[in-house]
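Q: Here is a sequence with its predicted model. Questions after.
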Protein chains: 2
Amino acid sequence: MSKVDVILTGGAVATMNADFDLFDPGAVAIRAGNIEAVGPAERIAAAYSADEVVDCAGCTIVPGLINTHTHAPMTLLRGLADDLRLDVWLMGYMMPVEHEFVRPDFCWLGTQLACAEMIHSGTTCFADMYYYEEAVADATAQAGLRAVCAETVLQFPSPDALSYDEGLEHARDFILRWKGHPLIMPAVGPHAPYTTTADLLRACGELAREFDVPLHIHIAETAQEAENHRAEHGMPIVPWVKKLGVFEAKVTAAHCVHIDEGEMRTLLHHGVGVAHNPTSNLKLASGFAPVVRMLELGLDVGIGTDGPASNNDLDMWEELRLAALLAKCVTSDPTALPARQALAMATIGGARALHIADAVGSLEAGKRADVAVVDMRSPHNTPRFTRDPDALYAQLVYATKGSDVRDVMCQGQWLMRERRLLTLDEQSLMAEAAAIARKIDTFLIQREESVLSKLLVIGQVAQKKTFEIQVKVRLADGASIEGLLDSSEIVILKPSRRRQYDTYFLFDDPWHNRLRYREDELLDQNGEVQDVVCRLTMTSEGKDREYAKSVLLSRSRFDAPATRSLRFYREYFKPEAEVEVHKERRRYRVRYGGTDFAINLDRLIKPDLPGLFLEIKSRTWSKQDAERKAEMIGELLELFQVQEQELVKPEYVKLAIKA
Amino acid sequence: MSKVDVILTGGAVATMNADFDLFDPGAVAIRAGNIEAVGPAERIAAAYSADEVVDCAGCTIVPGLINTHTHAPMTLLRGLADDLRLDVWLMGYMMPVEHEFVRPDFCWLGTQLACAEMIHSGTTCFADMYYYEEAVADATAQAGLRAVCAETVLQFPSPDALSYDEGLEHARDFILRWKGHPLIMPAVGPHAPYTTTADLLRACGELAREFDVPLHIHIAETAQEAENHRAEHGMPIVPWVKKLGVFEAKVTAAHCVHIDEGEMRTLLHHGVGVAHNPTSNLKLASGFAPVVRMLELGLDVGIGTDGPASNNDLDMWEELRLAALLAKCVTSDPTALPARQALAMATIGGARALHIADAVGSLEAGKRADVAVVDMRSPHNTPRFTRDPDALYAQLVYATKGSDVRDVMCQGQWLMRERRLLTLDEQSLMAEAAAIARKIDTFLIQREESVLSKLLVIGQVAQKKTFEIQVKVRLADGASIEGLLDSSEIVILKPSRRRQYDTYFLFDDPWHNRLRYREDELLDQNGEVQDVVCRLTMTSEGKDREYAKSVLLSRSRFDAPATRSLRFYREYFKPEAEVEVHKERRRYRVRYGGTDFAINLDRLIKPDLPGLFLEIKSRTWSKQDAERKAEMIGELLELFQVQEQELVKPEYVKLAIKA
């Protein structure tokens, strides 16, 4: 009779070994953090004794689940912004908030909170990729969980590195410090092909090989990414990354939603593991990853939750269930990805995908003692059929919930008993997280107080001259601008022809902010489009003053290049209403009396208004100068022989609202 | 200060009323089973007092969830058979087991177990459709839950009715007995268009209108169903059902996966509610229901779990989460079906879909007090952001789990407090369910002991003559059958030409059972296919005895028409191996010496064997007769001048295995 530390006995044991051995009732004997033996309860009882014998009757003993892709500190951003498009979510919310808040203490706290959640639902190992991975590793080790921690490397500045050289240095330092740790496997995390460079990817691959550590990367998450890559590099993502030597390292590729059969074979050939993230892929509408085909080909596919800001939790039971369900409907085959295979993906398959299957992923003698005990005695898990051995897997996959996990052990250390956490103080973690959430709320509330602050946060905004003097006149049919401008007093500086598509976002705020997205097509002499410039202009209406023949607008005005799509701005700014104005414009910069004016000759297409509109405009920072220019505009109108009844006071956008 | 029975206070209140009012902290005052008032906690505290004031700080108070489609008693079949195709699952497992086990006590127990699970996860109302709905209603009312209970009506015999007239009578009796019950709304449940008849559907619609009760029906769950309907009736399902007057009743249509825009508009026009069952649709690979379009059009779409045998649970939180996630990826739009809308579908939308929104579905004064209190203080639900009011819905939809529900009340009666059930003894329910599961396991184990018992259970099997005498000869090239049969001693009774595609299922059981699926194409004189007959033949090998010139096979032999697909049988019987034999056969029924023989002249295509094979066969129930016929076969061979070395002993299937 051999002495061990702990014996778990009396429950069904799903070993997830190569033969998928089930023992019911079975037992697991654990010594010095490792699994000493697994088998039928009677056989273990006959061969081993232990001071601690845990009764698992009514429970199933499974390998601790392995979450192959997450960003643990993002627990602190869980529920911050949802139901948004990826770019709005990422660039409008995640990145500005990360820029402001992500520091080592943030990552440490977020990781500990993540560990609390993961332990509760039976996860004993996860693959992480974030900033300040040092803090992530430290928080994980303190919680007693196992992790592959990849320090993120990006081509542009990140919360923890101003340049990618610095990022690479951080990764190297991190690996040096943590390599050999019993629970933490340091790794390098080049974020994705589209956020790195060829040189950077090559360097990351070399770094991973130099230290024989894993490399974690996002691959082909969205169709856009895959299409852009093909357009830019003339080949799909996977062969391009392969050419850089990256796959010579021990790689785990997250997502792989948009890869073709050839790419799958390349991944297989290089032993690249895949992390499938079904909830995140659905939530961000990234697509349905071809997991059934990958599994058929023999790829090592694990399951991941992705970060809790796009999931919004770290529950692997939900994830493996969704993987099993989704695969059936996507392939129109209800026998696809059966329960046993789904549980395998979340355990031994995940271990293989992370290149750590020699140590974890199944309950086998010699492996680390990473174990979860699942209590099956609840109404939602009743009854249990035993005729078909696969029924146990079906029960675990289709009916069991994270909240059924009773006990969790990692490397022989108890992390949870009877649902009580032993290594973490979850109350204080939750209180600290609530305090951070309040700060983030305050930051965003301030930002979102006005359209301007939302505009400022996404960049490159310049404040423009405050005062605008303008007059608009409806011209009679047949009026010729050349005739009007044919005066010795007027010098034409810069004529141009344009088609302008304006979308006005209207807001119901106290400032009556208005945001104009303008797509300005500059035409050549043949009417062909020469250039397109998109600009975003925000105006807040001040008091207007009317002169005899012109209008003075006093208003703050901000202007920025529109680097993102109209759709992005619509979803980001959420206007109360939208109005479109389309027109053909001949624009003349003219000089009159030593002062510059803009003269526009417009034909309105939307709203479809007959005739031509003549606009004369000028801007200035000075109110006094504005009054002077208003007088000069009066002179110009006289020169053009415009009658007062021809004046049109409202702006185009107001004409459009009326129409 | 007005006195009420209970005040829930201090939590966020998500009313799900028309304005989606949120009160945080809010309170709900309850009197005599109804909601008396809802509002900010302070306002309620100022206006009402109660003996029972429940502190809901840190919780969210929501309307009890509404499961718009399930088959509650099927909890007892949960996990019985999974990862199977719909027909194998239904006809191979569910129906035979239901036929054997479904009685009123089964339905009562299964429903009570379902109620325990539903209360645990915050569901206060469900729409059911099963057999013995009387027992379902009784079990539900005893548990204190609310339900729309539809008695199933089918065109063919069901576990509780031998004919559809009887089914209709049951439905009428059931409605008469339960109409007016405070918790149970009786209803009529014609199963589906493809399992009923036009007359039966019309009668069900009339019955529902006569008593003003709801009608529950499955519509367009699978593509096959929609295609078959179109082929058979020349129109899609929805207009066909409409023509029968069914939609004049208060209808809830489950699934609606395969309906087009016109059908959606018809449902909308008639106020038909839809029950969307995302998990079941994925698990059975039925397809992705066009819910986003239905919601855009203004249809009342609720969410259902479907029966727990195809889900495998009754957790509405998982279901509403999946509905929200799935819609995004299916429409490639991450802003589709946002969290608030998902929660609305599971509450007020479900109530509308079931035609009971005047009574339940939102927290509003005057409605029934059906309430769930969700504890948000757990790591997976931390932190909480308050900047955006929609964040609360996002938290409930994307992070909250059924196990977070703390208290549940239906019509003012507490069903669960602090996660303890108050109206049900779940331990004894689970024990009883386990006992039934053991019986079902035993039944299926006996059935599955042999291929024969599995074959018998799916019907129309006949045992055939036990003894078969046969001889097979390889003919030289150029041999002519007409030459051989041109003898005055042989009368040709019935010549025919066939192409036969045989698939043999091989089993590793003690009886060496073999199952042959034969697709037998009968050809006309021009070689065109005249008729196709599919048969299933099972043989168990007995001892063979060899005569000088023939082989005696003594074996049990069972034969049945193959009414289902080869794929069905493959998935149902799960053979160890499969072998295919394809051949062209000229078959002659001949009479020789007053005895009938079958003579086959076969050209083997698969395996591709050269030359022609001549078979002479006869069958009998008598061993003595078999010996007589063996002798006669010897005579025939002499007549045909066949040399002994030309004899081929193995059967075709064995030749195929070797090849």
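A: Everything's here; your move. It should be emphasised that the depicted structure is a prediction, and the values quoted were computed from it without experimental measurement. Numbering: from 1, shown residues only, chains lettered A, B, ... in the order given.
Q: all helices for the stretch 301-450 of chain A, in order.
A: A:316-331, A:339-345, A:348-353, A:390-398, A:426-448 (DSSP state H, counting those that start in this stretch).
Q: would JSON lines of the ones you listed with mean pLDDT, distance to chain B and mean neighbour count be doable?
A: Where C-beta positions appear, they are placed from N, C-alpha and C, glycine not excepted. As requested, the helices of the stretch 301-450 of chain A are exported to JSON lines (pLDDT from 0 to 100; distance: least, CB to the nearest CB, whole Å; neighbours: other CB atoms under 10 Å in any protein chain shown):
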{"stretch": "helix A:316-331", "mean pLDDT": "98", "distance to chain B": "4", "mean neighbour count": "26"}
{"stretch": "helix A:339-345", "mean pLDDT": "98", "distance to chain B": "6", "mean neighbour count": "25"}
{"stretch": "helix A:348-353", "mean pLDDT": "98", "distance to chain B": "17", "mean neighbour count": "28"}
{"stretch": "helix A:390-398", "mean pLDDT": "96", "distance to chain B": "4", "mean neighbour count": "24"}
{"stretch": "helix A:426-448", "mean pLDDT": "93", "distance to chain B": "3", "mean neighbour count": "16"}
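Q: Find the residue closest to the closest residue to chain B within the stretch 451-600 of chain A in space, skipping its chain neighbours.
A: Using CB to the nearest CB, the closest approach of the stretch 451-600 of chain A to chain B is made by residue A:571 at 6.7 Å. Leaving aside its sequence neighbours, residue A:571 sits nearest to residue A:88 (CB to CB, 6 or more residues apart in numbering or on different chains; 4.6 Å).
Q: what's near enough to touch the one you found?
A: A:568, A:571, A:572 (CB atoms under 8 Å, 6 or more residues apart in numbering or on different chains).
Q: any idea what sits nearest residue A:273, other than its immediate chain neighbours?
A: Setting aside the residues directly before and after it, residue A:273 is nearest to residue A:353 in space (CB to CB, 6+ apart), at 2.9 Å.
Q: got a list of what that neighbour touches?
A: Contacts of residue A:353 by CB under 8 Å, 6+ apart are A:68, A:252, A:273, A:274, A:275, A:300, A:301, A:302.
Q: what bridges to the second one?
A: Which is residue A:252. residue A:216, residue A:273 (DSSP bridges).
Q: returning to that earlier point: most neighbours of all the contacts of residue A:88, which one?
A: residue A:572 (21 neighbours; other CB atoms under 10 Å in any protein chain shown).
Q: element containing that one, please.
A: Assigned by DSSP states H and E, residue A:572 belongs to helix A:566-573.
Q: Please tell me how far that helix is from the chain's geometric centre.
A: Offset of helix A:566-573 from its chain centre (CA atoms, centre = their mean, to the nearest Å): 16 Å.
Q: Repeat that for stretch A:143-161.
A: With CA atoms, centre = their mean, you get 16 Å for stretch A:143-161.
Q: So that stretch, near chain B or not?
A: No: on the criterion CB under 8 Å from any CB of the partner chain, stretch A:143-161 is out of touch with chain B, staying 11.4 Å away.
Q: hmm, back to that, could I get the contacts of residue A:88 as TSV with distance to residue B:133?
A: Formatted as TSV, the contacts of residue A:88 follow (distance: CB to CB, whole Å):
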residue	distance to residue B:133
A:568	52
A:571	47
A:572	51
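Q: Residues of the stretch 201-350 of chain A that sit close to chain B?
A: A:279, A:281-288, A:311-315, A:318, A:322, A:325-326, A:328-329, A:331-336, A:338-339.
Q: which stretches of chain A have low pLDDT?
A: Along chain A, segments meeting pLDDT under 70 span A:459-460, A:477-482, A:511, A:541-545, A:548-550, A:552-556, A:644-645.
Q: Spatially central, which residue of it would that be?
A: residue A:90 (4.7 Å; CA atoms, centre = their mean).
Q: close enough to count as contact, residue A:259 and residue A:220?
A: Yes: counting by CB atoms under 8 Å, residue A:220 is a contact partner of residue A:259 at 5.0 Å.
Q: okay, the two: which has more neighbours?
A: Set side by side, residue A:259 and residue A:220 show more neighbours around residue A:220, with 27 against 23, by other CB under 10 Å.
Q: Contact partners for that one?
A: A:226, A:236, A:237, A:238, A:255, A:256, A:257, A:258, A:259, A:263.
Q: now do 10 Å
A: Contacts for residue A:220 (CB atoms under 10 Å, 6 or more residues apart in numbering or on different chains) come out as A:192-194, A:226, A:229, A:236-238, A:241, A:253-260, A:263, A:286-287, A:289.
Q: same deal with residue A:388?
A: Here residue A:388 is in contact with A:394, B:79, B:80, B:81, B:82, B:441, B:444, B:445, B:448 (criterion: CB under 10 Å, 6+ apart).
Q: That'll do, ta.
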